[in-house]
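J.: Kindly return the folded structure for what I paste below:
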Amino acid sequence: MIPFLRKRILSSAVPLVCVVLGVFFLARMTGNPVDLYLPLSATSEQRAEFSAAQGFDLSIPAQLWNYLADAVQFDFGTSLRTGQSAASMAIEAFPVTLQLAGVTMLLAITGALVVGSLAAYRPNSLIDRIASLLSMTAASIPDFWFAIMGVLVFGVSLGLLPTSGTIGGPEIWILPIATLLIRPFGVLVQVVRGSMVTALSAPYVKVARSKGATPRRVIFGHALRNAVTPVLTVAGDLAVGLVNGAVIVETIFGWPGIGKLMIDSILQRDFAVLQAAVLLTAVTIFALNILVDVCHALTDPRVRQAVPA
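T.: Below is the predicted model:
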């Protein structure tokens with residue numbers, strides 16, 4: 001396991017470095033913050049003083065060096081908008097995104113295991129056809145379109161659900177979670193069904209049925225245990241995607257997570273906060289990918305054996 005883990009960490013470090021460098025250069029392509037934070041009547045001396053205070057008067061290589069030196073210590077300076085620590089703003093917003101993504105994945109995995117298993121138990125039955133149709137539809141719907149339609153129908157037209165914010169009862173979770181849930185649920189139902197169809201045709205399942213095992217025990221006690229590996233892999237990839245996809249959902253619903261923080265920082269040219277938010281998100285995705293690979297290796301010894309010591 002140690003050689004496998006070492007190889008995964010080293011292979012994932014290269015994309016992480018690219019993200020760190022990419023956000024530095026792309027952030028500066030959005031424009032000069034001096035033009036946004038100082039009035040049009042500001043003198044050249046005031047502009048120069050502001051640039052010097054924020055380090056914008058340095059050359060790009062010098063700014064990059066300072067950025068990398070501080071990033072190692074997770075010190076990104078202060079926000080131009082609020083004057084708060086950029087790192088603390090990112091750390092404060094990130095649990096909100098993780099909470100939203102975690103609840104969504106829990107519901108998606110639980111629902112998909114039940115629906116996919118029931119559909120696979122009787123292939124080509126009415127339940128299987130309905131589950132396949134709904135799951136393929138769900139996997140094909142763009143989340144931004146679903147979010148806008150949800151706001152239009154349930155928020156504006158019917159007035160049943162709030163359309164933004166996190167203050168209120170359980171109803172504030174419905175539209176954001178439904179928007180994030182629909183695609184992972186559809187994909188996982190298809191994966192669970194395919195894996196379960198293969199597992200249910202295995203000899204050990206036929207033996208269990210011949211001994212009089214109940215359908216519930218056959219599905220959840222025998223077949224599902226051996227069909228969970230591909231489901232785990234896909235669920236891990238979808239969980240990583242949820243962290244990225246939360247940017248759209250949080251922006252539409254005004255959810256104060258890391259995604260909305262990124263968008264606000266881009267619009268306000270708040271380089272320090274943007275760099276902190278992107279790096280924190282990249283490190284989390286980096287850790288999630290490794291965790292998924294480790295879980296895959298633990299459930300499938302062939303993965304570990306494929307890595308030389």
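
J.: list the contacts for the most centrally placed residue in the chain?
T.: The chain has residue 243 as the residue nearest its centroid, 1.7 Å off, counting by CA atoms, centre = their mean. For residue 243, the set of contacting residues under the criterion of CB atoms under 8 Å, 6 or more residues apart in numbering consists of 97, 98, 101, 281, 284, 285, 288. C-betas here are computed from N, CA, C, even on glycine.

J.: before we move on, what about residue 291?
T.: With the criterion set at CB under 8 Å, 6+ apart, residue 291 makes contact with residue 236.

J.: Give me the pLDDT for it.
T.: The predicted local distance difference test score for residue 291 is 79.

J.: Quick check: it is in a helix.
T.: Yes. Residue assignment for residue 291, taken from DSSP: H, G, I helix; E, B strand; the rest coil, places it within a helix.

J.: Need phi/psi at the residue nearest to the centre of the chain.
T.: In this entry, residue 243 is assigned phi and psi values of phi -60, psi -40 (degrees, to the nearest 10).

J.: Return the distance of it relative to residue 270.
T.: Distance of residue 243 to residue 270, computed by CB to CB, to the nearest Å: 21 Å.

J.: Ok, residue 238 next?
T.: 30 Å.

J.: okay, these two: which has more neighbours?
T.: The neighbour comparison of residue 238 against residue 270 (other CB atoms under 10 Å) goes to residue 270, with 27 against 22.

J.: How about that one, nearest residue that isn't a chain neighbour?
T.: residue 80 (4.9 Å; CB to CB, 6 or more residues apart in numbering).

J.: In three-state terms, how would the one you found be classified?
T.: Classified using three-state DSSP, residue 80 is coil.

J.: Number of residues surrounding it?
T.: Taking other CB under 10 Å as the neighbour definition, residue 80 ends up with a count of 19.

J.: for it, phi and psi?
T.: Comment: the main-chain dihedrals of residue 80 come out as phi -70, psi -30, following degrees, to the nearest 10.

J.: Report the contact partners of it.
T.: When contacts are counted by CB under 8 Å, 6+ apart, residue 80 is found next to 33, 37, 54, 268, 269, 270, 271, 272.

J.: quick one: low-confidence parts of the chain?
T.: For the chain, the stretches with pLDDT under 70 are 1-2, 4-5, 222, 296-309.

J.: cutoff 80 now
T.: 1-13, 30-32, 35-36, 39-42, 163-169, 199-230, 232-233, 236-237, 240-247, 289-309 (pLDDT under 80).

J.: Neighbours of residue 103, how many?
T.: By the other CB under 10 Å criterion, the neighbourhood of residue 103 contains 15 residues.

J.: Verify the stated contact: it with residue 173.
T.: Yes. The pair residue 103 and residue 173 passes the contact test of CB atoms under 8 Å, sitting 7.2 Å apart.

J.: Return the distance of the helix ranked longest in the chain from the chain's centre.
T.: Among the elements of the chain assigned as helix by DSSP state H, the one spanning the most residues is helix 86-121. Relative to its parent chain, helix 86-121 has a centroid offset of 9 Å by CA atoms, centre = their mean, to the nearest Å.

J.: Now do the SS call for residue 164.
T.: Using three-state DSSP, the secondary structure recorded for residue 164 is coil.

J.: Touching, residue 141 and residue 182? I think so.
T.: Yes. Contact between residue 141 and residue 182 holds when scored by CB under 8 Å: they sit 5.8 Å apart.

J.: Of these two, give the one with the bigger neighbour count.
T.: Counting neighbours by other CB under 10 Å for residue 141 and for residue 182 shows that residue 182 has the greater number, 22 against 14.

J.: check contacts around the more buried one.
T.: Residues counted as contacts of residue 182 (CB under 8 Å, 6+ apart) are 138, 141, 143, 146.

J.: Let's see that with 7 Å instead.
T.: Going by CB atoms under 7 Å, 6 or more residues apart in numbering, residue 182 touches 138, 141, 146.

J.: Excluding covalently adjacent residues, which one is nearest to the last one?
T.: In space, residue 146 comes closest to residue 179 once its chain neighbours are excluded; the distance is 5.3 Å by CB to CB, 6+ apart.
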